[in-house]
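**Student:** need the 3D shape of this:
(one chain, ligands or ions: 2)
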Amino acid sequence: MSDAQTIEQLRHIGWRGQSLPGEGRRLARVVAQHRAGYELHDGVQTFGAQPAGHFLKRGLDPAERPAVGDFVEIEPGKPPHITIVQTRRTVLSRAAAGERYERQVIATNIDYVLVLTGLDGDFNPARIERYLSLTEGSGAQPVIILSKLDLNDGAAERLEELRSRLPNGTPIHAINGKDAASVATLSVYLKLGDSAVLVGSSGAGKSTLTNTLLGSQHMATSAVREHDSRGRHTTTYRALLQLPSGGCLIDTPGMRELKLTGEENLDLFADIEALAEKCRFADCGHGSEPGCAVQAALDEGELSQERWRNYLKLRDEREEQAAMLESRLRRQRGGRPATKPHSPRGSRERE
Ligand SMILES: Nc1nc2c(ncn2[C@@H]2O[C@H](COP(=O)(O)OP(=O)(O)OP(=O)(O)O)[C@@H](O)[C@H]2O)c(=O)[nH]1
Ligand SMILES: [Zn+2]
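**Tutor:** Numbering: from 1, shown residues only. Ligands and ions are numbered 1, 2, ... in the order given. Okay, the predicted model is just below:
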């Protein structure tokens, strides 16, 4: 651990607090979590730390344990110990399918989730919607970034398509990830004290964009992979990148493997859920039922087939995952398998 610690240094790792902790304590940010402990950054360097005993107590809500992105207070020692997790300003989390049913915190104190998609073959509005649904309720602001603007002639149409599809006010930027001037438009999300994560499928241009954001402090992207003898992606030593614009990028494996898990809400499709409320039958399957408001909207072109299909896919996936988690939870409690209250057969017409 370094001795001198200033608020300025902490700003560069995304801290927005006002005063430093008292005598004998230091502040640091969790940048990685390993089986063997935590890796922290104190604004100057990274070092290992262990959680204090009270974080290991059985029955403690795992969400209360230190997580990537947390600002923690540490007490010196060999190794140093994390004693306090400071109040989180945002929490990205998801249901975790593990040994026990738990909510898993993916990352905390993230201000912006930069959702990167190439304007080339990678372009996929449905995937973007899925990422958006993951940020809902987190407090973090999603920002859609379309890369490879320089390679694509159809950018205007694709931008238009997205604008009409995503909720109003969702920021969308088309950029050339290799061009510093083009990438500069993103600096509003990467100011001093800001924390962002970058998500997107393989090949979308995450490393390219990161390098451009880093400017002269290039990270050796290909070297990252070569360093791993098993061919896996190692992220530990670049888990927190301090950008010249003042903000920082957090790169966690958890963010890279984001999947829908059954706990996301589908606010993005609130209009569709509102439509379904208007169907004559409360249990309308939105097929050939009379008085189906969804079919009517599809017929009139008010709702596009594609968006409807995407909603169904997302909904099914969510329900499947939720059912899985439910049964896991029950098994863990030692209870019996789910028995739903018997519902009367036939359609229930709304009152
Ligand atoms: N012309 C152009 N090429 C780009 C742009 N962004 C990325 N590329 C290229 O696209 C390819 C993939 O980019 P990467 O940055 O490696 O993609 P990634 O998202 O980091 O991929 P993973 O590491 O597999 O997750 C590389 O050949 C880049 O040079 C861009 O804006 N314009
Ligand atoms: Zn219906």
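
**Student:** what's the burial count for residue 7?
**Tutor:** The number of residues packed near residue 7 is 13, by other Cβ atoms under 10 Å. The way it works is simple: take the backbone N, C-alpha and C, and place the C-beta from them, glycine included.

**Student:** kindly report the same for residue 239.
**Tutor:** 22.

**Student:** repeat that for residue 44.
**Tutor:** Neighbourhood size, residue 44 [other Cβ under 10 Å]: 17.

**Student:** what of residue 214?
**Tutor:** Using other Cβ under 10 Å, residue 214 is surrounded by 17 other residues.

**Student:** how about residue 104?
**Tutor:** Residue 104: 17 surrounding residues under other Cβ under 10 Å.

**Student:** distance of it from residue 134?
**Tutor:** Look at residue 104 and residue 134: by Cβ to Cβ, to the nearest Å, they are 12 Å apart.

**Student:** any residue of stretch 157-173 touching ligand 1?
**Tutor:** No. Counting by Cβ under 6 Å from any ligand atom, ligand 1 is not contacted by stretch 157-173; separation bottoms out at 11.5 Å.

**Student:** average pLDDT for that stretch, rounded please.
**Tutor:** Across stretch 157-173, pLDDT averages out at 91.

**Student:** and stretch 242-257, by the same measure?
**Tutor:** Stretch 242-257 carries an average pLDDT of 80.

**Student:** ditto for stretch 303-313
**Tutor:** Averaged across stretch 303-313, pLDDT comes to 87.

**Student:** what does the stretch 51-200 of the chain put close to ligand 1?
**Tutor:** Within reach of ligand 1 by Cβ under 6 Å from any ligand atom, the stretch 51-200 of the chain has these residues: 147-148, 150-151, 176-178, 200.

**Student:** narrow those residues to those that are buried.
**Tutor:** Among these, those buried by neighbour count (16 or more other Cβ atoms under 10 Å) are 147-148, 176-177, 200.

**Student:** with pLDDT added, can I get those in CSV?
**Tutor:** Output for these, formatted as CSV (pLDDT from 0 to 100):
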residue, pLDDT
147, 94
148, 94
176, 96
177, 95
200, 83
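
**Student:** inside strands: which ones of those residues?
**Tutor:** Among these, the members found in strands (DSSP state E) are residue 147.

**Student:** farthest-separated two in the buried ones among the residues of the stretch 51-200 of the chain next to ligand 1?
**Tutor:** 176 and 200 (15.4 Å; Cβ to Cβ).

**Student:** where's the residue nearest to residue 305 when sequence neighbours are not counted, which helix or strand?
**Tutor:** Leaving aside its sequence neighbours, residue 305 sits nearest to residue 298 (Cβ to Cβ, 6 or more residues apart in numbering; 6.4 Å). Per DSSP states H and E: residue 298 is located in helix 293-299.

**Student:** show residues contacting that helix.
**Tutor:** With contacts defined as Cβ atoms under 8 Å, 6 or more residues apart in numbering, helix 293-299 is touched by 272, 275-279, 284, 286-289, 303, 305, 308.

**Student:** if we use 7 Å, what do you get?
**Tutor:** Outside helix 293-299, the residues that touch it by Cβ atoms under 7 Å, 6 or more residues apart in numbering are 275-276, 278-279, 286, 303, 305, 308.

**Student:** distance of residue 80 relative to residue 54?
**Tutor:** The spacing between residue 80 and residue 54, counted by Cβ to Cβ, is 16 Å.

**Student:** who has more neighbours out of the two?
**Tutor:** Taking other Cβ under 10 Å, residue 80 and residue 54 do not tie; residue 80 has more neighbours (21 against 11).

**Student:** wait, that one touches residue 46, no?
**Tutor:** No. Residue 80 lies out of contact with residue 46 (Cβ atoms under 7 Å); the separation is 12.0 Å.

**Student:** mind putting the residues of the stretch 51-200 of the chain next to ligand 1 into a markdown table with distance to residue 39?
**Tutor:** As requested, those are exported to a markdown table (distance: Cβ to Cβ, whole Å):
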| residue | distance to residue 39 |
| --- | --- |
| 147 | 29 |
| 148 | 33 |
| 150 | 36 |
| 151 | 37 |
| 176 | 33 |
| 177 | 28 |
| 178 | 30 |
| 200 | 24 |
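
**Student:** from the residues you listed, which two are the most distant?
**Tutor:** Using Cβ to Cβ, the pair of these lying farthest apart is 150 and 200, separated by 17.3 Å.

**Student:** before we move on, back to that, just the buried members of the contacts of helix 293-299?
**Tutor:** Neighbour counting by 16+ other Cβ under 10 Å classes 275-276, 279, 286, 303, 308 among the contacts of helix 293-299 as buried.
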